[in-house]
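1. prediction below, plus the sequence it came from.
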Amino acid sequence: MRLKDISIRFDYYLFFAMVLLIAIGCLMIYSAMYGSPAKTPFYARQGFYALLGMAVIIVVMGINYQLFNQYGKGIYLFSLLLLVLTLLFGKSAHGARSWLPIGNLTFQTAEFAKLGLIIILAQHLTNYPEAVKRISGLIVPFLLTLVPVALIVLQPDPGSALVFLVIFLAMLYLAGARVIYLVSFISMGILALGIPLLLALDSQNKTFFSRIFSNFGFTLGFIIVVIAVIGLVCYILSRLKFRVGVNHFLFTSLVVSGGIMLSYPLDLFLKEYQKMRLVCFIKPSIDPLGAGYHIIQSQISIGSGGFLGKGLLTGTQGKLGFLPAKHTDFIFSLFSEEMGFLGAGLLILLFSILLLRAIRIASLARNRFGSLLAGGIVVMFFFQIIVNLGMTMGIMPITGLPLPFVSYGGSALIIYMAGAGILLNIYSRRLTYW
Amino acid sequence: MHQSEIDRQFEARLQRSLVWFRYFVIATLAILFIRLFSLQIIKKGELYKLSEANRIQLFFDPAPRGIIYDRNGKVIVRNIGSFSVLFSPTNLTREETEEILKKLGGILNLDYHSMLAKVRSSIRQPLNILLAENVPRPKVFCLAEEKVNLPGVNIEVQPKRHYLHRNFASHLLGHLGEIGPKELRALSRAGYKLGDIIGKSGVEKIYDNSLRGRSGGRQVEMDARGRQIRIISSVLPEEGDSLILTLDERIQKLCEDTLKGKAGAICVINPANGEVLALVSKPDFDPNLFTERLTPSRTQELFTDPGLPMFHRAIQSQYAPGSLFKIVTAIAALEEGVISVDETMSCRGSLQIGDRKFKCWREKGHGRLDIVQAIAKSCDVFFYQLGLKVGGDKIAKYARMLGLAEKIGISLPSEARGLVPDSTWKKINFGEQWYPGDTANMSIGQGYLEVSPLQMVSLISLVANGGIIYKPFIVKKIIDGQENVIKTFQPKVMGEVKISSGTLSIIRRGLREAVLSGTSQVVKFKRLSVCGKTGTAENPHGEDHAWFICYAPEEAPIIALAVLVEHGGHGASAAAPLARRILNGVFTLKGEKEPEIFVYKD
């Protein structure tokens, strides 16, 4: 494939949306860190990473993405190796061992592992297109996901781990897995996560459910009762000539009891502050000076910007330190405060262009692998975008996920640009085999 | 199934899934967009206010209250700078707050847990929580050095009221306190606001409006750690106006020393114009205690103390006047013409009225006396007869004319009214008729009568000045910070009692005779002519209360005084000696200016 072909079959919309987002990011990092003494200013570092990312895009576009299919296992295993190395030799920041030092630089290996997972899942689902129709066919993809999730949860960085699970679910959905299985999976997750939160929210165990779930014996009894109720419902439905079989009963029971049982290890694993963050999302008033503070201050920042914003470098919330993590997780709040609805609306518009173009690429891809690969990358972007924006605007819990392309962070930026490069690659090769 | 068929089906599923996925993405982005719109356009005003509230804090700079001087320009009450430690734990995590409090506790020797409790209790308004006051200078320097590690901690210098002589004239000066909800409702129009410190009693209360000045304020931009970034605007506080009292610090001090260790009151006024020279009530309190906001328990004790140190006895206590009232009875009798100066009556130690025997204080009796001697010797039997001649209601009428059972109108809060009974009053309150025995009792100042020391000093003053009731006043002048006179208070006549000069001279002679040869001989001086009257208020619950009133010098009275000693016993033995000490001191003091006349050494 010649350069000329690439230039003709190049997705300029996606590319320039991305470039603009990165530029906004650098500008806001400049604003966020204005006046803070650093040898190399953060915005310059981010600019450097962006240039590095451009190089990565060029390299990625030069090779046929089918190579990822070929070397999928290798990439995946390499990403796992990096995760293991991170756990062993990683550097800690903000209570999580997420950074692998390479020379003077550090690398957030979980970002790379996201691409690794997307590639291996795309490869697997391409090779076994029929498997996902059966529940047994979900086991291998699930295990493929579970390994990096477990390694990342051990760091511990549950926010990132969640991204892997979402990629897994979305790619199975795109590959045609039955929605009921995915819904069951999500239900189990909600039960497993919901019960520890319920216990955290109601620390005195006053309500009926928290009293039950704080005692293992009661929980077992509760599971038996629930299974009995499910059985009864199934029986009644079958007598009413609905087509309800034993397998439905077993499946439902498994989902419910599995979810409840999973909540035990999860409850032990989740740190108190992580639970409080989620609880505070439900009830911010519970701790206005603690975990709820970020949610409130972020919304104040965004809202006080108004239509035109307070102007670059003049946002009081950001400048006076009321806004936390203003160059990373809450960069959107800073942007909205200083640039107003005009700027923030433009940002959402740019993300919309990026995502919709990317979905178009997934749909236009030459082959299954390309579609799934593109789909996985879109989901990775999409999920992190909505979780981050939702978090800053107070309609999603605080998960500590940065905003793709905008937040400060070298590894994330380079990996997402690589992802964009893969999308561009898939798009430019949509009509050719080489 | 054929491979191409599988591929085709897969492709179809994928495309279908992508369509749904696209809808989902669009819907989600739309929700985010709507949320953004709601925050930045619809809720903008509210959230902008919150961001301003985050950023800008309002600090009030209380104005220094006016200074209070005595009549000779001596400072009695002023302000001193006091360092307070304030804490604003906004934007601090719980751990940080706890760490800061621990550090503070180490520097200031304060209990960590009580500070934590204080911070917790003000979590709704976590701004400028007062953690320590009157912090000594060295510790302030320590704090200033550590300031970097103590975000949210502010040291403020605030003027603090300082009563130089602690308990000195405490009831008259009054005390300060934080404005209460009732006062706030009444005074909010006058510019008072929540948290203001206002006068709660005495001069501090009555002249609060002049004394308090106008508090200033600063709008300060603060960062999230509670550090001040810059002052946006500020208004300087305006110092309050100062008061020059009629009080003479030396006389007040003398009276306080005289009454030390006793319960009672002393009022000293100038009978020629009503200036209050001294006003003492014991036991008393230290108004400095009330300027400390953090230790209210110490002031609470003052209110529950059985010795009633907060009770201003000089104007609030009400006791029977005892023999002091004989002056009233005598005036009534002379004015009504029921007795003349040469008429005599005899005393055999008691008098039978109805079925009761009324005794004279001297069991042997006084023999035959005229009215001058009767006043001098304070003969009870003489006054029983005199009273019965005049009649109870007539005596009551004269008592009221002379200013009893009424507030005299001193510029201090909670003045007592007192009580003068008559037949109507008795009918209403007891449902009984007025007996001659009641008249007899009233004639010698016992029974239902109630008077305050202030009323008694007013009574003796009007005898001294010829029947004028002056408003006893405490503040001579109000001056501003540049010593410009804002207001001068002139003597004010509250009432002029029509008493013939003949009657007055008889009463005066009686009072003078009492000093020379009667019950008040304790205050007999070689070079100072005093007119005085003792009194003993019968107290069925314990020791009698001792009274003494007098004025001096006889020819041109410049001082009138009333002494009340609770549970002191007889006026002649318990109250008059105190008056002697005061007169002795006062005229020695006066002697600094006019030595040839008044120098007297006891």
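-> Nice, thanks for sending it over.

2. what parts of the stretch 151-300 of chain B come near chain A?
-> By the rule C-beta under 8 Å from any C-beta of the partner chain, the part of the stretch 151-300 of chain B lying against chain A is B:221-225, B:229. Every C-beta, even on glycine, is put in place using the N, C-alpha and C of the backbone.

3. tell me which residues in stretch A:342-358 are buried?
-> A:343-345, A:347-348, A:350-358 (16 or more other C-beta atoms under 10 Å in any protein chain shown).

4. now stretch A:260-270
-> So stretch A:260-270, judged by 16+ other C-beta under 10 Å, has buried residues A:260, A:262-263, A:266-267, A:270.

5. next one: stretch A:149-167
-> In stretch A:149-167, counting by 16+ other C-beta under 10 Å, buried: A:149, A:151-167.

6. residues in contact with it?
-> A:80, A:83-84, A:86-87, A:90, A:95-98, A:110, A:113-114, A:117-118, A:121, A:145, A:148, A:189, A:269-271, A:274, A:376, A:379-380, A:383-384, A:399-401 (C-beta atoms under 8 Å, 6 or more residues apart in numbering or on different chains).

7. B:Val77: what secondary structure?
-> strand (DSSP: H, G, I helix; E, B strand; the rest coil).

8. grab the nearest non-local neighbour of it.
-> B:Ile68 (4.0 Å; C-beta to C-beta, 6 or more residues apart in numbering or on different chains).

9. let me see the contact set for the one you found.
-> Here B:Ile68 is in contact with B:75-78, B:173, B:203, B:211, B:242-243, B:245 (criterion: C-beta under 8 Å, 6+ apart).

10. for these, which one is nearest chain A?
-> B:Leu211 (38.7 Å; C-beta to the nearest C-beta).

11. dump the residue contacts of that closest one.
-> B:65-66, B:68, B:199, B:204, B:240-243.

12. buried ones in the stretch of helix or strand B:Glu46 belongs to?
-> Using DSSP states H and E, B:Glu46 falls within helix B:44-55. Going by neighbour count (16+ other C-beta under 10 Å), the buried part of helix B:44-55 is B:44, B:47-48, B:50-51, B:54-55.

13. helices or strands next to that helix in the packing?
-> helix A:291-305, helix A:316-319 (3 or more C-beta pairs under 8 Å, 6 or more residues apart in numbering or on different chains; DSSP states H and E).

14. make it 10 Å
-> Helix B:44-55 sits against helix A:291-305, helix A:316-319, helix A:331-364, strand B:216-222, with contacts defined as 3 or more C-beta pairs under 10 Å, 6 or more residues apart in numbering or on different chains; DSSP states H and E.

15. output these as CSV; include the columns distance to B:Leu29 and mean pLDDT.
-> Below are the helices and strands packed on helix B:44-55 laid out as CSV (distance: least, C-beta to C-beta, whole Å; pLDDT from 0 to 100):
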stretch, distance to B:Leu29, mean pLDDT
helix A:291-305, 16, 85
helix A:316-319, 25, 85
helix A:331-364, 5, 96
strand B:216-222, 37, 83
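
16. in what helix or strand does residue 19 lie?
-> Since you didn't name a chain, this refers to chain A. A:Val19 belongs to helix A:12-32, assigned by DSSP H and E.

17. I was thinking of chain B, sorry if that wasn't clear
-> helix B:3-37.

18. go on, B:Ala546?
-> Secondary structure (DSSP H and E) places B:Ala546 in strand B:545-552.

19. among the residues of the stretch 151-300 of chain B next to chain A, name the buried ones.
-> Applying 16+ other C-beta under 10 Å to those flags B:221-225 as buried.

20. from B:Leu18, how far out is A:Ala358?
-> 11 Å (C-beta to C-beta, to the nearest Å).

21. what sits in contact with each of the two?
-> When contacts are counted by C-beta atoms under 10 Å, 6 or more residues apart in numbering or on different chains, A:Ala358 and B:Leu18 are jointly contacted by A:374-375, A:378.

22. chain neighbours aside, what residue packs nearest to the residue of chain A found nearest chain B?
-> Per C-beta to the nearest C-beta, A:Gly303 is where chain A lies closest to chain B, at 2.8 Å. Counting by C-beta to C-beta, 6+ apart, A:Gly303 lies nearest to B:Leu47, which is 2.8 Å off, once chain neighbours are set aside.

23. quick one, what contacts that neighbour?
-> B:Leu47 neighbours (C-beta under 10 Å, 6+ apart): A:296, A:299-306, A:317, A:337, B:39-40.

24. save those as CSV, and put in neighbour count and distance to A:Gly176 too.
-> Shown next, in CSV, are the contacts of B:Leu47 (neighbours: other C-beta atoms under 10 Å in any protein chain shown; distance: C-beta to C-beta, whole Å):
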residue, neighbour count, distance to A:Gly176
A:Ile296, 19, 43
A:Gln299, 22, 40
A:Ile300, 27, 45
A:Ser301, 31, 43
A:Ile302, 33, 39
A:Gly303, 30, 43
A:Ser304, 29, 47
A:Gly305, 32, 43
A:Gly306, 21, 46
A:Gln317, 30, 46
A:Glu337, 35, 44
B:Leu39, 29, 39
B:Gln40, 28, 40
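
25. most widely separated two among those residues?
-> By the measure C-beta to C-beta, A:Ile296 and A:Gly306 form the most distant pair in these, at 17.9 Å.

26. how about the nearest residue to whatever residue of the stretch 451-600 of chain B ends up closest to chain A, chain neighbours excluded?
-> Per C-beta to the nearest C-beta, B:Gly481 is where the stretch 451-600 of chain B lies closest to chain A, at 37.6 Å. Spatial nearest neighbour of B:Gly481, excluding adjacent residues (C-beta to C-beta, 6+ apart): B:Glu239 at 4.7 Å.

27. the one you found contacts B:Asn79, correct?
-> Yes - contact criterion C-beta atoms under 10 Å: B:Glu239 and B:Asn79 qualify, at 9.0 Å.

28. what do those two both touch?
-> B:63-67, B:159.

29. in stretch B:326-336, what counts as buried?
-> Neighbour-count burial for stretch B:326-336 [16+ other C-beta under 10 Å]: B:326-335.

30. any idea how far A:Gly343 is from B:Gln433?
-> From B:Gln433 to A:Gly343 the distance is 95 Å (C-beta to C-beta).

31. of the contacts of B:Leu211, which belong to helices?
-> B:Glu204 (DSSP state H).

32. export the contacts of B:Leu211 to JSON lines and tack on distance to A:Thr252 and pLDDT?
-> Below are the contacts of B:Leu211 laid out as JSON lines (distance: C-beta to C-beta, whole Å; pLDDT from 0 to 100):
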{"residue": "B:Arg65", "distance to A:Thr252": "78", "pLDDT": "92"}
{"residue": "B:Gly66", "distance to A:Thr252": "82", "pLDDT": "93"}
{"residue": "B:Ile68", "distance to A:Thr252": "85", "pLDDT": "95"}
{"residue": "B:Gly199", "distance to A:Thr252": "76", "pLDDT": "91"}
{"residue": "B:Glu204", "distance to A:Thr252": "78", "pLDDT": "94"}
{"residue": "B:Gly240", "distance to A:Thr252": "79", "pLDDT": "92"}
{"residue": "B:Asp241", "distance to A:Thr252": "84", "pLDDT": "94"}
{"residue": "B:Ser242", "distance to A:Thr252": "86", "pLDDT": "94"}
{"residue": "B:Leu243", "distance to A:Thr252": "86", "pLDDT": "94"}
